[in-house]
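Trainee: Requesting a structural model of the entry that follows:
(one chain, ligands or ions: 1)
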Amino acid sequence: MKKTIKDFDLNNKRVIIRVDFNVPIKDNKILDDNRIVMSLKTINYALDNDAKVILMSHLGRVKNEEDKEKNSLSIVAKRLSELLNKEVIFINNTNGVELENTINNLKAKDVLLMENTRFEDLDGKKESSNDNKLGKYWASLGDIFINDAFGTAHRSHASNVGIASNLPSGVGFLIEEELNSFQVLNNPNTPYAVILGGAKVSDKIGVINNLVKKCDYILIGGGMAYTFLKALGYNIGNSLFDSDSINFCKEMLDKYKNKIVLPVDSIVSKELGGDIELKDNDKFLNDDIGLDIGKKSIKLFKETLEKCNTVVWNGPLGYSEIDKYAAGTKEILKCLSERERIVIIGGGDTASAAINFGYKDKFTHISTGGGASLELLEGKKLPGIEVIDDK
Ligand code: AMP
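Mentor: Now for the predicted structure:
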């Protein structure tokens with residue numbers, strides 16, 4: 001078990017909290033402040049316990065000087081100040097005398113936000129390559145380090161692994177909740193189903209390999225279903241096809257044919273956004289593109305899921321950003337919300353779909369980290385969490 005923020009005496013301590021303030025920004029406006037809102041629990045806990053709070057986060061990618069302006073966290077500082085209803089001291093630098101002096105003069109219950117950690121990437125990718133000196137330097141600014149940025153926990157950066165290697169460390173409430181939720185999958189209520197969708201089989205090979213042995217069913221939809229259907233000999237027309245993964249699909253279908261559930265029909269178009277038709281697997285023409293699972297597949301998926309008491313889902317079942325291809329994803333979300341059971345939604349597009357289609361509070365857990373949740377499902381250890389002190 002990893003230490004959490006609750007395991008520390010924070011009184012008057014300089015507490016560095018690595019948060020995820022990587023929010024979408026357009027024309028100098030924050031389009032969605034959910035990530036800032038979600039960090040409040042940990043920040044408020046630190047404030048209530050009289051910490052001097054030092055916040056660090058990345059925002060976008062910083063490859064050249066021009067990227068600095070559009071990726072400044074100054075706008076986030078303003079929003080955070082509104083949400084906390086108190087002053088947030090913003091330092092528009094990631095090192096130097098002003099940052100150091102301001103931190104030295106912090107009082108208990110003060111909040112400081114440092115500029116985007118990735119500004120250090122301009123100098124030889126120091127943040128993203130976990131430069132030793134940078135991690136040590138940032139650690140020297142605090143007494144305790146709390147990691148609450150799940151979305152970057154699968155990366156070894158100076159602002160997570162680097163600092164944690166040099167300070168007493170714990171996780172914040174967000175990461176604690178993510179870990180507890182995924183932990184449930186080590187001991188699922190059976191039958192246990194995994195739903196996989198999204199674009200490419202190759203991105204999900206690790207997940208399939210890890211989970212196929214543990215689960216009772218793997219339901220496959222989205223673009224990746226068509227490589228499996230091709231492996232069975234179907235003409236998939238112009239649907240997404242991952243030629244490098246065809247042998248893997250054949251092997252899985254051989255070994256686990258009783259567990260793998262594939263679509264039997266699809267919504268197809270001749271081009272993305274074009275007119276739609278419903279077609280069985282054996283009716284595809286060469287110019288058809290499969291863009292969602294069809295009605296019979298929805299029924300088949302529902303029948304399988306109705307039996308299941310634990311479900312984990314990563315990847316939408318169709319091109320759900322366009323409404324005419326979203327029915328499969330919507331129907332399965334609805335089905336899963338209809339009775340009590342463990343449902344864990346992996347991050348990224350699946351989490352966005354669940355939230356956008358109105359299922360924000362309907363499941364056991366919706367993960368906040370796409371890459372990080374995928375790596376947990378692959379059974380990998382996350383470096384940003386491994387480095388944290390054990391209890
Ligand atoms: P991933 O990041 O692998 O989970 O892929 C998510 C993306 O896959 C989303 O942008 C979906 O729109 C896309 N996707 C889902 N189903 C299909 C499909 N049948 N054809 C093409 N793209 C799809």
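Trainee: what residues are up against the closest residue to the ligand within the chain?
Mentor: As assessed by C-beta to the nearest ligand atom, the ligand sits closest to Gly198 within the chain, at 2.4 Å. In this view, the C-beta of every residue, glycine as well, is placed from N, C-alpha and C. Contacts for Gly198 (C-beta atoms under 8 Å, 6 or more residues apart in numbering) come out as Lys204, Gly222, Gly223, Met224, Asn314, Gly315, Pro316, Asp349, Thr350.
Trainee: out of those residues, who has the most neighbours?
Mentor: The most crowded member of these, judged by other C-beta atoms under 10 Å, is Gly222 (31 neighbours).
Trainee: how close does the closest residue to that residue other than its chain neighbours sit to Pro316?
Mentor: Distance criterion C-beta to C-beta, 6 or more residues apart in numbering; nearest residue to Gly222, sequence neighbours excluded, is Gly197 at 3.0 Å. Noted for Gly197: a distance of 5 Å to Pro316, by C-beta to C-beta, to the nearest Å.
Trainee: Overlap in contacts, those two.
Mentor: Joint contacts of Gly197 and Pro316 (C-beta under 8 Å, 6+ apart) are Gly221, Gly222, Thr329, Thr350.
Trainee: so the residue nearest to Asn160 when sequence neighbours are not counted is in which element?
Mentor: In space, and not counting its chain neighbours, Asn160 is closest to Gly384: 4.0 Å by C-beta to C-beta, 6+ apart. Secondary structure from DSSP states H and E places Gly384 in helix 383-386.
Trainee: List the contacts of that helix.
Mentor: So helix 383-386 is in contact with 2, 147, 149, 152-157, 160-161, 164, 171, 175, 179, going by C-beta under 8 Å, 6+ apart.
Trainee: try stretch 213-220
Mentor: Defining contact as C-beta under 8 Å, 6+ apart, one finds that stretch 213-220 is touched by 185, 188, 190-197, 208, 211-212, 228, 256, 259-263, 301, 304-305, 308.
Trainee: Kindly report the same for stretch 355-366.
Mentor: Residues contacting stretch 355-366 (C-beta under 8 Å, 6+ apart): 177-178, 181, 184, 326, 329-330, 333, 336-337, 342-345, 347, 351, 354.
Trainee: Just the buried residues of those.
Mentor: Using 16 or more other C-beta atoms under 10 Å as the burial test, the contacts of stretch 355-366 include 177-178, 181, 326, 329-330, 333, 336, 342-345, 347, 351, 354 as buried.
Trainee: Among the residues you listed, which pair sits farthest apart?
Mentor: Glu177 and Ala326 (27.8 Å; C-beta to C-beta).
Trainee: residue closest to the middle of the chain?
Mentor: Closest to where the C-alpha atoms of the chain average out (C-alpha atoms, centre = their mean) is Gly369, at 1.5 Å.
Trainee: And this structure, split by domain according to the record?
Mentor: As given by automatic domain parsing, the domain ranges for the chain are 5-175, 188-377.
Trainee: could I get those domains as CSV with mean pLDDT?
Mentor: Converted to CSV, the domains of the chain look like this (pLDDT from 0 to 100):
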stretch, mean pLDDT
domain 5-175, 97
domain 188-377, 96
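Trainee: looking at these, which is closest to Ile388?
Mentor: domain 5-175 (4.9 Å).
Trainee: picking up where we left off before, from Val171, how far out is the residue nearest to Asn160?
Mentor: Relative to Val171, and taking C-beta to C-beta, Gly384 is found at 9 Å.
Trainee: And the two? Which one has more around it.
Mentor: Ranked by neighbour count (other C-beta under 10 Å), Gly384 and Val171 place Val171 first, with 28 against 25.
Trainee: Any idea what the more buried one is bridged to?
Mentor: Thr4, Asn147 (DSSP bridges).
Trainee: rewinding a little: show me what counts as buried in the helix holding Gly384.
Mentor: The neighbour-count check on helix 383-386 (16+ other C-beta under 10 Å) flags Pro383, Gly384, Ile385 as buried.
Trainee: now the second one: how far from Lys250?
Mentor: From Gly384 across to Lys250, the span is 36 Å (C-beta to C-beta).
Trainee: Number of residues surrounding Tyr373?
Mentor: Quick fix: residue 373 is Ser, not Tyr. Ser373 has 31 neighbouring residues, counting by other C-beta under 10 Å.
Trainee: That one in helix, strand or coil?
Mentor: Assigned by DSSP: H, G, I helix; E, B strand; the rest coil, the conformation of Ser373 is helix.
Trainee: Where do the strands of the stretch 251-391 of the chain begin and end?
Mentor: 260-261, 265-269, 277-280, 289-293, 310-314, 342-345, 365-366 (DSSP state E, counting those that start in this stretch).
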